[in-house]
Structure formats: C-alpha cells, structure tokens
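Q: Based on what follows, work out the 3D shape:
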Amino acid sequence: MEQRTGVVSPTPGVRLGLRENWAQFTLLVIVTAGVGSLVGLERTTVPLIGTDVFGLTSNLAVFSFIVAFGLAKALTNLAAGALTARFRRRQILLAGWLVGVPVPFVLAWGPSWWWILAANVLLGVNQGMTWSMTVNMKIDLVGPARRGLATGLNEAAGYVAVGTTALLTGYLAASYGLRPAPEAIGILFVAAGLGLSLLVRDTGAHVALELSRTPPARTPAERNPSFATVFARTSWRDRSLRGASQAGLVNNLNDGLTWGVFPLLFADHGLGIAAIGLVKGLYPLLWGMGQIPAGHLVDRIGRKPLIVTGMLVQAGGLLTALAILDRPLLAGVLSAAALGIGTAMVYPALIASVSDHAHPAWRANALGTYRFWRDLGYAAGALAAGILADALGLRITVLTAAALTALSGLLAARWITERPGR
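A: I've put the predicted structure just below:
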C-alpha cells in the first residue's frame, strides 16, 4: 500500500546492493547519460549564439540563459523532492522527459533570444526532474554501504555525456555553423532518454526495505517532518547539511560563471570555436570520469577530505586560467582539467554526505533541498558574472569566483562532519 512518504511496503525478494540490482542500475546510468547529453548541447554554442546570431552586446543579457536554466532547475529540484511524497520516482522521471521534448527544436530553430530563454526554462525543469530521480533511484537500489560509488557512477555518466556532447557540438558548429546542426542532435537524446525510461522500474520497495532496517526516529516529527522542517534543517540548522549546501552552491556558481565567461574570454584571446569546444568539453569529461574513482574514495576515506580538497583545487584552476592567459589554449586546458578534477572530488562526496545525515524517510526532500541550493549556483554564477563582467571585465569576474570557491572550501572544513562510526 502506498504510504505518505511515497514508498511502498517491503516486498519479498527485493534486495539492496549494486550487484543485486545491476541491471536496473545500469539502465539508470544510461538514462543519466541521456540527461547529461541534453544539457551538453549548450556548453559550447549558446553564449556565441547570443552574441553572433542575435547580436547581444551585454554580458548579462548573454548569460541570462544560464540564469533561466539555473532558477528553473533549482526550483524543480526542490519540488521533485516534495513530489516523491505523492508520486513514484518513475512517474516523475517520465514527466521530466516529456517536458524536455521541445528543447532541442527551440534551440535549433527558435526565432529570437526569448525563445532560447524559454527553452532553458524547460531544460531546467527537465534536468531537475530527471537527474533528481536517477540519483535518488540509484541510492535507493544500492543502500547505505555503497552510496559514494552509486552517486559517483551516476554523476560520471551524466557529466561524461555533457563533455562528449560539448565536444561534438563544437565540431559541428565549426563545420556547419552555430545552428541548427549542433542543437538538432538533441532530438536523438530526448527520444532515447524517454524510451529507455519506460523500461525503468520504480524503487519504492527498496526504500521501504532500507526503512525497515533503519533504527526508528526518536519522535514522530523526526519520522515524518514537514517539507519546511527538512528545508530549514538542510539549509542552515544542521551544521553538516549547511556545509554541504553552501559548498554545492559555490561549486555550481563557478560552473555557471565559467559556462558563460570562458567561451567569451578565450574567444577574445584568439581561440576558435573548435578549441573552445575542447576546453568546454574537457571540463565535464574529467568531472564525469573522475567521479568513479572519487566515489570509491568517498566510501573508503570519508566525505570531508574530498569536499575540502576539491573546492581548493577548483579555486586553483580558476587562477590558472588567468595566470597564463597569454597562451589561451594551454590556459583553457589546464584550468578545465583542474576544475574537472576538483568538481569530480566534490560532487559524489556532497551527495553522500547529505544522504548520511538524512533519515531515509525524508532523504529525498533533503537531497532536493541540497540540489536546490547547488543548482541555484548556476543562476547566481551567471548573474554575478554578467554584472561583474559588464562593470569590471571578465578577468575580475574569474578572480572573484576563485576567491569564493576557496572560502567555501574552508567553510566546508569547519562545518561538515563525517557520519557516526566513520
């Protein structure tokens, strides 16, 4: 029988573990790759579409598509966590793919910048629903022992796909123009993602099994807290959850900032669109591939060391981009490598840390709140980048992001604790 927590009663034969659920886990990894491929359409070309196709001259106007995407994704992450109390994860996953159907068509053939902004709102909703559910479902399947590896594999699949698509769109744009060829390939990603998601089985019974093995919460409010209570606890009341939420926000703040700034910065210093595609593709490729070993380390040595070190490595990568900008390709490659490796360390560790400090009964809401703050960083980074770049230039914008990222790593060191017994 369906319960208020959005899970079902334990089912005979259901088991937790990666090996025990390898088929469904693998299917979800492939679906996540489709999710990442859809957002990868924008990594290389859209800032240049704003300037070269639609004639935008303000950096803030160019970066507005990232603001639209970030706000939509952040709010959808928050809603997705709450929706798990009413709907099954599979239903939310399928709904997310349906929302994403118009995106590649509008990016490829939209007649004005306003259409691009509308497509990014839909893309943000799509990403918030689909990526939230794939990571939740993988965590459900494997149980608490292999959370780090599960989240590492999930994020690896998504961000390798982001990077591969960014490289591909850079090549297509150099060969065939900024539109429509680079964006039209997204039609294949949507069709494949939706089709494969129809084969996914819901994981409510796995959540119920984990709940049955988890020591009961001390009070009724702890067992079934309100959405507002979980939001407050994840955002600021719990030190560890607060530390994870701020680190996630700043991590994606510098990603949102470089998403918009790097194509323009390196184009100003002589790089062509294919070379920019290499820089923009290398970052998420390393981000993705690095999360498999990082996810394994998260389960071995703990969450906090990777979070703190990863944030400091990212700050170093941003400084590297400025230090050798007179050699723009080398600067782009080295900074992308540091940003990718640093983010690979941080991403699975943060999700695992949040999962550690959240009871299974309200874990989906806690993860939704964390992902709200994390992906709000896209909008915050793009907005800050637009304002700072227009007022002080692209270099000062990157320098500011480096300082904020280093500060966030220090705050994570102060606030985040390991789960009991680690």
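Q: gap between residue 164 and residue 170?
A: For residue 164, the distance to residue 170 equals 11 Å [CB to CB, to the nearest Å]. From N, CA and C alone the C-beta is placed, and that goes for glycine too.
Q: where do the contact lists of those two overlap?
A: Taking CB atoms under 8 Å, 6 or more residues apart in numbering as the contact criterion, the common neighbours of residue 164 and residue 170 are residue 281.
Q: quick one, which of the two is more surrounded?
A: Neighbours were tallied for residue 164 and for residue 170 using other CB atoms under 10 Å; the higher tally belongs to residue 170 (25 against 18).
Q: Excluding residues flanking it in the chain, which one is nearest the more buried one?
A: Leaving aside its sequence neighbours, residue 170 sits nearest to residue 277 (CB to CB, 6 or more residues apart in numbering; 1.6 Å).
Q: State the number of residues packed around that neighbour.
A: The number of residues packed near residue 277 is 25, by other CB under 10 Å.
Q: before we move on, what about residue 416?
A: Neighbours around residue 416, by other CB under 10 Å: 24.
Q: repeat for residue 417
A: Neighbours of residue 417 using other CB under 10 Å come to 16.
Q: Which residue is the nearest non-sequential neighbour of it?
A: residue 240 (5.1 Å).
Q: Could you pull up the contacting residues of the one you found?
A: For residue 240, the contact set (CB under 8 Å, 6+ apart) comprises 353, 356-357, 415-417.
Q: Need those in JSON lines (columns: distance to residue 97 and pLDDT).
A: Shown next, in JSON lines, are the contacts of residue 240 (distance: CB to CB, whole Å; pLDDT from 0 to 100):
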{"residue": "353", "distance to residue 97": "29", "pLDDT": "93"}
{"residue": "356", "distance to residue 97": "30", "pLDDT": "90"}
{"residue": "357", "distance to residue 97": "31", "pLDDT": "91"}
{"residue": "415", "distance to residue 97": "36", "pLDDT": "97"}
{"residue": "416", "distance to residue 97": "34", "pLDDT": "95"}
{"residue": "417", "distance to residue 97": "37", "pLDDT": "93"}
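Q: Using the three-state scheme, assign the residue nearest to residue 170.
A: Recorded secondary structure, residue 277: helix (DSSP: H, G, I helix; E, B strand; the rest coil).
Q: What's the separation between it and residue 287?
A: Taking CB to CB, one finds residue 277 at 16 Å from residue 287.
Q: My read is that the residue nearest to residue 170 contacts residue 175, right?
A: No - using CB atoms under 8 Å, residue 277 makes no contact with residue 175, being 11.1 Å away.
Q: On the three-state scheme, the residue nearest to residue 417 is what?
A: helix.
Q: who's in contact with the most centrally placed residue in the chain?
A: Nearest to the mean C-alpha position of the chain, counting by CA atoms, centre = their mean, stands residue 375 at 6.7 Å. Shown in contact with residue 375 (CB under 8 Å, 6+ apart): 70, 73-74, 77, 128, 252.
Q: Just flag the most distant two among those.
A: 128 and 252 (12.8 Å; CB to CB).
Q: Count the residues that sit near residue 332.
A: If we define neighbours as other CB under 10 Å, then residue 332 has 27 of them.
Q: returning to what we had before: narrow the contacts of residue 375 to those in helices?
A: Among the contacts of residue 375, DSSP state H puts 70, 73-74, 77, 128, 252 in helices.
Q: can the residues you listed go into CSV with extra columns for pLDDT and distance to residue 366?
A: Putting those into CSV (pLDDT from 0 to 100; distance: CB to CB, whole Å) gives the following:
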residue, pLDDT, distance to residue 366
70, 92, 20
73, 92, 17
74, 92, 15
77, 85, 11
128, 91, 16
252, 93, 18
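Q: ranking these by neighbours, who comes first?
A: Most neighbours among the ones in helices among the contacts of residue 375, by other CB under 10 Å: residue 73, with 31 neighbours.
Q: wouldn't that one be in contact with residue 122 here?
A: No - taking contacts as CB under 8 Å, residue 73 lies outside contact range of residue 122: 10.7 Å.
Q: rewinding a little: which one of the ones in helices among the contacts of residue 375 sits closest to residue 17?
A: residue 77 (26.8 Å).
Q: Nearest spatial neighbour of the closest one, chain-adjacent residues omitted?
A: Residue 77 sits nearest to residue 371 (CB to CB, 6+ apart), 3.7 Å away.
Q: The one you found reaches residue 133, doesn't it?
A: No - if you go by CB under 8 Å, residue 371 and residue 133 don't touch, sitting 11.2 Å apart.
Q: Of the two, which one has the most company?
A: residue 133 (33 against 28).
Q: Quick one: residues contacting that one.
A: 80, 89-90, 92-93, 96.
Q: Kindly report the same for residue 202.
A: 88-91, 137.
Q: pLDDT value on residue 9, please?
A: Residue 9 carries a pLDDT score of 56 in this model.
Q: Need the max-distance pair from the contacts of residue 240.
A: 356 and 415 (14.0 Å).
Q: name the element residue 319 belongs to?
A: Counting by DSSP states H and E, the element that carries residue 319 is helix 304-323.
Q: which parts of that helix are buried?
A: Across helix 304-323, burial judged by 16 or more other CB atoms under 10 Å covers 304, 306-322.
Q: Tell me how far the helix or strand containing the residue nearest to residue 77 lies from the chain's centre.
A: For residue 371, the host element (DSSP H and E) is helix 363-392. Taking CA atoms, centre = their mean, to the nearest Å, the mean C-alpha location of helix 363-392 is offset from the chain mean by 11 Å.
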